[in-house]
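pasting a predicted model and its sequence here:
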Amino acid sequence: ILRLPSVFFGLIGLSATYALGRTLFDRPTGLLGALLLSVAHFYVYYNREARMYTLLVALAVLFLLAMIRWYRQPTIRHSLIMGLAMGLLMHTHYIGAWVILTALLFQAYAIFRHHLTITFARWLLPHLIGFIVFLPWLPFAIEQVITHPNGPLGQVVSPIEWGSLSWLWDMMTSRHAGILFAGIVLGGGIFTLRHRHIQDAVVLLVMWLLVPPIGLLLVHESGRAVFVARYMLVSLPALMLISAYGLRHITATPSLLSRFKLSNSRYGFGLIILVWLVIAQLTMYSTYWDDKPRWQDALANLQDMRQADEPAIINLPPHHVATYYDRYYTFTQGIAIDIGWADFVPEQLQDFVARLRSAEAIWAIVPSDSNKTWHILHSLAEGHTIGYRDSVQNMLFYRFDQSEPSTQTSFDLGFYNESLGRFINVTSTMGHRYYAETGAQFCFPLQLEASQAITDDWQLLISLTQGYNTPHAEITLELPALTAGEQYNETLCLDI
């Protein structure tokens, strides 16, 4: 049920894409554009996610559709619709600002290219309405920018390499960019560009395809980590409509096919290209998107295994997917100590474990990327064996059973328990990038600060992982002797 809104807005996005294609070109182009978008693996995936991205796409298309209608007939009604769509677009995601910039650039192009005469008041009205709709959220937007100066993800800004851009383009085109544009090359689409309204439509779509990624790339290179693959979804309808325009005119003459006396085969070429694109999009889904994490299976097992009288130490971040599933499976009900609401020192965490030590079994339901987790597991390992273990992404589900000293579990977690945070703090954020290939290097800055003096016999193991738990490369770093408060800065490169 939670994901149904994404499907609903995804259908609206398809309908809006059809309407925009029909408005810019004609009905067949709109239908072809909606068809290509409906089978695009990039779009299908986010129709299965309980997130705002299909709403973002739908509003982006509706906003540009409203802008075209206002541009052709700047009435008060069209101004109100355009302004409302603009404001809602900005409320949905800040990436909408780049779509609005696309519209402004197109308006500037149209005014100077066609010498349009539009009063400032008529131009200002829809943009003022959009600003008023967004105005209630503006103070929060400013606060977010101030609070997160390095971008919403807070990650290290790695330079964007050609491989990353190539990977992103391959994902948007399903590695079939040549087939997507084959209709334009082979058919008569290029020759129909002599018509002014076709020129305007193609210019708008090209701007829409290029402005958001180029804008995000420039912001990313300025030091804010905002170049995220899923943000490119907002430009996907533009790519599909450009391809649809080419397919629509593959039967037109003159064309490259007619030049080589293949006009009688143009319908067959068009059908082959369309079927090829549909099959390519559908079959590439598994290449780019893994199966959904097994949350329901793991948590159903946890609910069956845990008895209500078995105490648990839990740490569920408020916005974590496990917190959502807990509302359904209620696997944290019963005796439990929540350690997620405060920054407890190791001594406090050890005291929590001591209070539960008389229990026959103690559960730990904790994330692997929290240092509190490793203090808890280290303490629970004393006098216990592991009777149950499971994990999904970064969540761990352990049951520690009481045991004789000769059979108890031994966790070599001294680095976490004694050193991380107590002797050394990691002050840099994690490195992140989308594209990697065997034989290449992944480089990122590492910043450490010594909380206490350390000797020169320390080593730091760093792993490059895909997702949470799939390692692809490792490096061991020999640390020098550091005094209390001294910082250590190094740029590391891992061979993949």
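All right, it came through fine.

and Val226, which helix or strand is it part of?
Val226 belongs to no helix or strand when assigned by DSSP states H and E.

burial check on it, number of neighbours?
Val226 has 20 neighbours, counted by other Cβ atoms under 10 Å. (C-beta placed from N, C-alpha, C; glycine too.)

same check on Trp289?
15.

do the same with the one 3 residues further on
By other Cβ under 10 Å, the residues close to Lys292 number 9.

so where's the stretch 101-250 of the chain shaky on pLDDT?
149-161, 163, 225 (pLDDT under 70).

so where do the strands sit in it?
With DSSP state E, counting those that start in this stretch, there are no strands along the stretch 101-250 of the chain.

for Pro445, which non-adjacent residue is spatially closest?
Sequence neighbours aside, Thr491 is the residue nearest to Pro445 in space, at 5.2 Å (criterion: Cβ to Cβ, 6 or more residues apart in numbering).

is it correct that the one you found falls within a strand?
Yes: applying DSSP: H, G, I helix; E, B strand; the rest coil, one finds Thr491 inside a strand.

tell me the contacts of it?
Residues near Thr491 by Cβ atoms under 8 Å, 6 or more residues apart in numbering: 443-446.

which of those residues ranks first by neighbour count?
Neighbour-wise, these (other Cβ under 10 Å) top out at Phe444, 21 neighbours.

quick check: that residue touching Asn489?
No: in this structure, Phe444 is not within contact of Asn489 by Cβ atoms under 8 Å, at 11.9 Å.

what's the neighbour count on the residue nearest to Gly96 when sequence neighbours are not counted?
Nearest non-adjacent residue to Gly96, counting by Cβ to Cβ, 6+ apart: Leu89, 3.8 Å away. Using other Cβ under 10 Å, Leu89 has 27 neighbouring residues.

read off the pLDDT value for Leu89.
Per-residue pLDDT puts Leu89 at 97.

the longest helix along the chain: which residues count as buried?
In the chain, assigned by DSSP state H, the helix with the most residues is helix 196-221. Within helix 196-221, the residues that count as buried by 16 or more other Cβ atoms under 10 Å are 198, 200-202, 204-205, 207-209, 211-213, 215-216, 219-220.

nearest to Leu116, of those?
Using Cβ to Cβ, Asp200 comes nearest to Leu116 of the buried residues of helix 196-221, at 11.2 Å.

residues in contact with that closest one?
With Cβ under 8 Å, 6+ apart, Asp200 has these contacts: 106, 110.

from Val228, how far off is it?
Note on Asp200: its distance to Val228, by Cβ to Cβ, to the nearest Å, is 31 Å.

tell me which element Asp401 is part of?
Per DSSP H and E, Asp401 falls inside strand 395-402.

name the residues that touch that strand?
In contact with strand 395-402 (Cβ under 8 Å, 6+ apart) are residues 298, 302, 305-306, 310, 320, 322, 359-368, 373, 377, 380-381, 383-391, 409.

adjacent strands (with direction) for it?
strand 361-367 (antiparallel), strand 384-392 (antiparallel) (DSSP bridges).

do you know which of the ones you listed lies nearest Gly246?
So among the strands paired with strand 395-402, strand 384-392 is nearest, using Cβ to Cβ, at 43.6 Å.

mind listing what's buried in that closest one?
Those would be 384, 386-387, 390, 392, for strand 384-392 by 16+ other Cβ under 10 Å.

what's the mean pLDDT across the one helix or strand Leu302 maps to?
Here Leu302, judged by DSSP H and E, is contained in helix 295-305. Average pLDDT, helix 295-305: 87.

sorry, back to before: Thr29: which of the strands paired with strand 395-402 is closest?
strand 384-392 (44.0 Å).

what ranges does the stretch 301-450 of the chain have for its strands?
312-314, 336-338, 361-367, 384-392, 395-402, 424-426, 441-450.

next, the angle helix 295-305 makes with the fifth one.
Interaxial angle, strand 395-402 versus helix 295-305 (axes from the mean of the first three to the mean of the last three Cα atoms, to 10 degrees): 20 degrees.

list the buried residues of strand 395-402.
Neighbour-count burial for strand 395-402 [16+ other Cβ under 10 Å]: 395-401.

center of the chain, which residue is that?
Arg230 (4.1 Å; Cα atoms, centre = their mean).

now for that residue: which residues touch it?
Arg230 touches 46, 53, counting by Cβ under 8 Å, 6+ apart.

isn't Gly187 right up against Gly246?
Yes: Gly187 is in contact with Gly246 according to Cβ under 8 Å; the separation is 6.1 Å.

looking at the two, which one has more neighbours?
Gly187 (28 against 24).

circling back to that earlier point, return the strand holding Asp401 as PDB; C-alpha atoms alone will do.
The C-alpha coordinates for strand 395-402 follow below in PDB (Å, rounded to 0.1, in the frame of the first residue of the first chain):
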ATOM      1  CA  MET A 395      20.800  -4.100  10.100                       C
ATOM      2  CA  LEU A 396      22.000  -7.000  12.300                       C
ATOM      3  CA  PHE A 397      19.800  -9.500  14.200                       C
ATOM      4  CA  TYR A 398      21.700 -11.500  16.800                       C
ATOM      5  CA  ARG A 399      20.600 -13.700  19.700                       C
ATOM      6  CA  PHE A 400      23.200 -14.300  22.400                       C
ATOM      7  CA  ASP A 401      22.500 -17.400  24.500                       C
ATOM      8  CA  GLN A 402      24.100 -18.100  27.900                       C
END
